[in-house]
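**Student:** From the sequence below, what's the structure:
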Amino acid sequence: MKNLIDKLYYSKNLSKEELTSLIDNRNDEISKYLFDKSSSVSCNKFGKNIYIRGLIEFTNYCKNDCYYCGIRKSNKNAKRYRLSEDEILSSCEMGYNLGFRTFVLQGGEDLAFKDDIMINIIKKIRNKYSDCAITLSVGEKSYDTYLKYYNAGANRYLLRHETSNDKHYNMLHPENLSLSNRKNCLYDLKKIGFQVGTGFMVGSPYQTTDNIVEDLMFIKELSPEMVGIGPFVPHCDTKFAGFKGGSLELTLFLIGIIRLMLPDSLIPATTAVGTIDPIGREKAILSGSNVLMPNLSPVEVRKKYSLYDNKICTGEEAAECIGNLRNKMNSIGYDIVVSRGDYIKS
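**Tutor:** So this is what the prediction gives:
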């Protein structure tokens, strides 16, 4: 298996069969060998710098009913909220003063936030914080809507594809949603000029190694600027409440693979890895991640943005505790930097 890791390290590419073999035959020794390679690639490209993004979860209303998601529209137990424009701008102000130079506006597909409202918010952030990057994560939109967001001043867009297999996609989503539209959205975003992020849940219900390999091949083909993966964590108010959660060990292994496949990519150590392991994010950094996304949302709404059970929303992942997070990164030899942390192709 080490020969496959070496091949990936030098060529940035493996066949489906080789990826399958590498994943299915991994062990502690192979993982350590992979992480030695992936962390060295990350350090060679980015140094010991960790980029931070201020996450603003501005609405938990959603028109969709994805089977795994805690804010799906049919969840009557969800405590819904929407942040006002002033609350969003106040979150940005707090973040800027703390050293954040990227704001991530994330929410469900909320029909109340029409194009003109979103464009106005984006423009106000852009005008006040001209030195900052604006990232959106608000789901599937039309090409024209994406173009309006881009022209208003948004720079980046996060849209996880979740799975690259149609059959598997249909097991996780209602029939009104399609994988083909999801992928088309990603290609539209790239065509417009956004820095694009995609990704998937590791260990999602019914996922096979073949599905994971398809995901990796799709990511390689798309060549996104950002890749976010995290373990599946079930939510008590979904049809997958009793399903087993995803593996941190496999998630870390896949982060290592993605780092070798896409050396320039920005890869977050996600909240989900910190949810299932107190030092999960440190482990992700040491596997090849280089981004953290502390929460800038008003404290009173953080628990309400409940995509999965037991999501951490206070402590080091809270933006106001950035000093604690900096100390944790220092303890493993890394530094949080005040920077937009833009994608730069080698």
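**Student:** What is the subsequent helix or strand relative to the one helix or strand Ile56 maps to?
**Tutor:** According to DSSP states H and E, Ile56 maps onto strand 54-59. Following strand 54-59 in sequence order, the next helix or strand is helix 85-98 (DSSP H and E).
**Student:** Could you tell me the angle between that following helix and strand 54-59?
**Tutor:** Interaxial angle of helix 85-98 relative to strand 54-59 (axes from the mean of the first three to the mean of the last three C-alpha atoms, to 10 degrees): 170 degrees.
**Student:** Name the residues of the strand holding Ile56 that are buried.
**Tutor:** Burial within strand 54-59, assessed by neighbour count using 16 or more other C-beta atoms under 10 Å, is assigned to Gly54, Leu55, Ile56, Glu57, Phe58, Thr59. All C-beta atoms are positioned from the backbone trio N, CA, C, and that covers glycine.
**Student:** Just the pLDDT at Asn295, thanks.
**Tutor:** At Asn295, the model reports a pLDDT of 89.
**Student:** Ramachandran angles for it?
**Tutor:** Per-residue torsions, Asn295: phi -90, psi 120 (degrees, to the nearest 10).
**Student:** Am I right that it is in contact with Ile52?
**Tutor:** No. Asn295 lies out of contact with Ile52 (C-beta atoms under 8 Å); the separation is 11.2 Å.
**Student:** coming back round to it: now tabulate the buried residues of strand 54-59 in JSON lines and tack on pLDDT and distance to Cys92.
**Tutor:** Below are the buried residues of strand 54-59 laid out as JSON lines (pLDDT from 0 to 100; distance: C-beta to C-beta, whole Å):
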{"residue": "Gly54", "pLDDT": "94", "distance to Cys92": "7"}
{"residue": "Leu55", "pLDDT": "94", "distance to Cys92": "11"}
{"residue": "Ile56", "pLDDT": "96", "distance to Cys92": "7"}
{"residue": "Glu57", "pLDDT": "95", "distance to Cys92": "13"}
{"residue": "Phe58", "pLDDT": "97", "distance to Cys92": "11"}
{"residue": "Thr59", "pLDDT": "96", "distance to Cys92": "16"}
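**Student:** Closest one of those to Met217?
**Tutor:** Of all the buried residues of strand 54-59, Leu55 has the smallest distance to Met217: 28.9 Å, by C-beta to C-beta.
**Student:** Now Met201: which helix or strand?
**Tutor:** strand 201-202.
**Student:** That strand pairs with which strands, and in what direction?
**Tutor:** strand 230-231 (parallel) (DSSP bridges).
**Student:** What average pLDDT does the strand it pairs with get?
**Tutor:** The average pLDDT for strand 230-231 rounds to 95.
**Student:** got the buried residues for whichever helix or strand comes after it?
**Tutor:** Downstream of strand 230-231, the first helix or strand assigned by DSSP H and E is helix 248-261. Residues of helix 248-261 classed as buried: 248, 250-261 (neighbour count, 16+ other C-beta under 10 Å).
**Student:** which residues touch helix 248-261?
**Tutor:** When contacts are defined by C-beta atoms under 8 Å, 6 or more residues apart in numbering, helix 248-261 is touched by residues 5, 8-9, 12-13, 19, 22-23, 26, 31, 34-35, 37-39, 41-42, 202-203, 212, 216, 219-220, 227, 229-231, 265, 267, 273, 276-277, 280, 283-284, 287-289.
**Student:** Would you show me how to pick out the buried ones of those residues in PyMOL?
**Tutor:** In PyMOL, this line selects whichever of the contacts of helix 248-261 come out buried by 16+ other C-beta under 10 Å:
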select buried, resi 5+8+9+19+22+23+26+31+34+35+37+38+39+41+42+202+203+212+216+219+220+227+229+230+231+265+267+273+276+277+280+283+284+287+288+289
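**Student:** which ones are touching the nearest residue to Leu296 once chain neighbours are set aside?
**Tutor:** Sequence neighbours aside, Gly54 is the residue nearest to Leu296 in space, at 4.1 Å (criterion: C-beta to C-beta, 6 or more residues apart in numbering). When contacts are counted by C-beta under 8 Å, 6+ apart, Gly54 is found next to Ser91, Cys92, Gly95, Leu98, Phe100, Thr102, Phe103, Val104, Met293, Pro294, Leu296, Ala319.
**Student:** tell me which residues form a beta bridge with Gly54?
**Tutor:** Counting by DSSP bridges, Gly54 is bridged to Phe103.
**Student:** So, low pLDDT: which residues of the stretch 201-346 of the chain?
**Tutor:** Scanning the stretch 201-346 of the chain for pLDDT under 70 picks out 308-320.
**Student:** ok, which stretches of it are helices?
**Tutor:** Under the criterion DSSP state H, counting those that start in this stretch, helices of the stretch 201-346 of the chain are mapped to 209-222, 248-261, 271-276, 280-287, 322-331.
**Student:** Between the ones you listed, which one is closest to Val337.
**Tutor:** Of the helices of the stretch 201-346 of the chain, nearest to Val337 by C-beta to C-beta is helix 322-331, at 9.9 Å.
**Student:** Export the buried residues of helix 248-261 to TSV and append columns for distance to Ser339.
**Tutor:** What follows is these, written out as TSV (distance: C-beta to C-beta, whole Å):
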residue	distance to Ser339
Leu248	28
Leu250	31
Thr251	26
Leu252	25
Phe253	28
Leu254	26
Ile255	21
Gly256	24
Ile257	26
Ile258	22
Arg259	19
Leu260	24
Met261	24
